[in-house]
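Visitor: sequence first, then the predicted structure:
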Amino acid sequence: MKVLVYTEKKTSRLRYAFRLILRSVLGLEMEITEDQEVFRKYTGPRINYSQVPFEGVLTFRPAELLFERDIFEQEIYTSSFKGEVIFFTTKNQDPIPFDLFAASFYLATRYEEYLPFIPDTHNRFTAAESLAVKEGFLSRPLVNIWADWLMDALKVSYPGIEANRTPYRFISTVDVDNLYAYKGKGGFRTLSGFAKDILSFDLQELKNRVQVLTGFRKDPYDTLDMQLRLQEKYGFESIYFMLFSRFGQFDRNLPMYSPRLHAAVKDISDEAIVGIHPSYASNERFSILVDEVKSLNAVLNMPVLHSRQHFLKMQFPKTFRQLVELGIQHEYSMGYASQPGFRASICTPFPFYDVELEEEVPLMMHPFSVMEYTFTENLRLSPDESLEEMKKYIDVTKRYSGEMITVWHNRTFSEKDQAWKGWNRVYEEMIQEALQ
């Protein structure tokens, strides 16, 4: 059943916002018209997005955002409705007292990240800077919640209308920042490792390094077999994001030309999707990113279509324009390392919108809500406390037929450091919860 939307002026922002809610989230067919007669005569579900009065039609009085073309600091005043945060409220609007389309556009496009902000040490937009943290809704997928309210309102006048939401889906993703703890590092890095162990009197680390390099012990970060056993046991989807770069201060995997790395990439690709993990350095020069993607393409002998930024470093919209130029179709960086939650306030995949160019681009954003690093390094929660927090995000994602994406790092599975002890159990129990 197609929904017809009336507006006095079609804009790129408006088309995107309505497609986001009606198509991406609710799975409904839709059309937008500026013709009042066509709108009046239509007998199916209708939404009036204008100041023009139509008797008995679900009406939204528009905020200005979807009719603007430049990027401005928006005056956001939040209030509460049905226990959830809302903004862009309008007077005398019933049954939904705010412009949910403009508000959803603001959140999903990450409009605030186009504006000046105070970056962290890695020049990233921080969770603390976000409206979601300031107003306390980072844990809530507001776009999905608001879309449900819209669906309920449409059903009042059109009882036969039904949403066609994409079914809930769980995807485990693993970032391979450092394939091995000791192996394949090259002479200089290996000697530096020995020197560090000796100078710090870390005899256990020295012993481990010697045993691995002499073949008497498996490298602790070599955990792929264990992960694949769980994948086979439970039948879940996996994506591995491979740091495939030259060595640098924050890019410390095996070098991109390493035969060991190439062999590991091919082994993983037999069992799961392999995506690119663009290096820290690639954020400074596009030529570096081009080299990384093309090199990984060559090793896999197929185009790389999936990407997640190393350190979650991204610049709106530069990062995403570059990924599209290189043929990337699916992006998985939409989340924070410092806190769990919904960075774009949505738990379903959605197309990227370039607010500077005012156009939707062919790149699907896949937001994640949970990263193990957040709990082990930032929040310092125990494994059991972390698991309970993860379950909350699994439950809410199921409730709104979202895509539950979790982020792990291959080194965590080694349980080599004290902070990682018990996390293999957490991973398996989280999978069990996500698949129920």
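Guide: That came through, no problem. Residues are numbered from 1 along each chain as shown.

Visitor: which residue ranges form the helices in this structure?
Guide: With DSSP state H, the ranges of helices along the chain come out as 12-18, 36-41, 100-108, 131-134, 142-157, 187-199, 203-213, 224-234, 259-269, 286-300, 318-325, 372-373, 383-399, 423-435.

Visitor: wait, which of those is closest to D251?
Guide: D251 sits nearest to helix 286-300 of all these, at 9.7 Å, using Cβ to Cβ. (Glycine included, C-beta is placed from N, CA and C.)

Visitor: which residues are contacting the closest one?
Guide: 242, 244-246, 256-257, 262, 265-266, 269, 274, 276, 278-279, 281-282, 303-304, 322, 326-328 (Cβ atoms under 8 Å, 6 or more residues apart in numbering).

Visitor: can you give me the buried ones in it?
Guide: For helix 286-300, a neighbour-count test (16 or more other Cβ atoms under 10 Å) marks 288-289, 291-293, 295-297, 299-300 as buried.

Visitor: which stretches of the stretch 51-200 of the chain have low pLDDT?
Guide: The stretch 51-200 of the chain contains residues with pLDDT under 70 at 187-188, 194.

Visitor: just to revisit the earlier point, for PyMOL, what selects the buried ones among the contacts of helix 286-300?
Guide: PyMOL command restricting the contacts of helix 286-300 to the buried ones, with burial defined by 16+ other Cβ under 10 Å:
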select buried, resi 242+244+245+246+256+262+265+269+274+276+278+279+281+282+304+322+326+328
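
Visitor: show me the contacts of helix 286-300 that map onto strands.
Guide: 242, 274, 276 (DSSP state E).

Visitor: please name the bridge partners of the second one.
Guide: I take that to be V274. Beta-bridge partners of V274, counted by DSSP bridges, are Y240.

Visitor: from memory it sits against I268, does it?
Guide: Yes: between V274 and I268 a contact is recorded at 5.5 Å, counting by Cβ atoms under 8 Å.

Visitor: name the residues contacting each of those two.
Guide: Common neighbours of V274 and I268, counting by Cβ under 8 Å, 6+ apart, are 240, 242.

Visitor: any weak-confidence spans in the stretch 201-350 of the chain?
Guide: Within the stretch 201-350 of the chain, not a single segment meets pLDDT under 70.

Visitor: switch the cut-off to 80
Guide: 203, 205-213 (pLDDT under 80).

Visitor: which one of the ones in strands among the contacts of helix 286-300 is nearest S50?
Guide: Ranked by distance to S50 (Cβ to Cβ), the ones in strands among the contacts of helix 286-300 are led by I276 at 43.9 Å.

Visitor: ok, the closest one - contacts?
Guide: Neighbours of I276 in contact, by Cβ under 8 Å, 6+ apart: 241-242, 244, 292-293, 296, 304, 306-307, 328.

Visitor: now tabulate the residues you listed in a markdown table and tack on distance to T374.
Guide: Formatted as a markdown table, the contacts of I276 follow (distance: Cβ to Cβ, whole Å):
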| residue | distance to T374 |
| --- | --- |
| F241 | 17 |
| M242 | 21 |
| F244 | 24 |
| E292 | 26 |
| V293 | 27 |
| L296 | 27 |
| V304 | 26 |
| H306 | 21 |
| S307 | 20 |
| I328 | 25 |
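
Visitor: could you check how far I273 is from S80?
Guide: 41 Å (Cβ to Cβ, to the nearest Å).

Visitor: between these two, which has more neighbouring residues?
Guide: Applying other Cβ atoms under 10 Å to I273 and S80 shows that I273 carries more neighbours, namely 17 against 8.

Visitor: residue contacts, K155?
Guide: K155 neighbours (Cβ under 8 Å, 6+ apart): I161.

Visitor: likewise the one 3 residues further on?
Guide: Contacts for Y158 were tallied using Cβ under 8 Å, 6+ apart; they are 1, 44-45.
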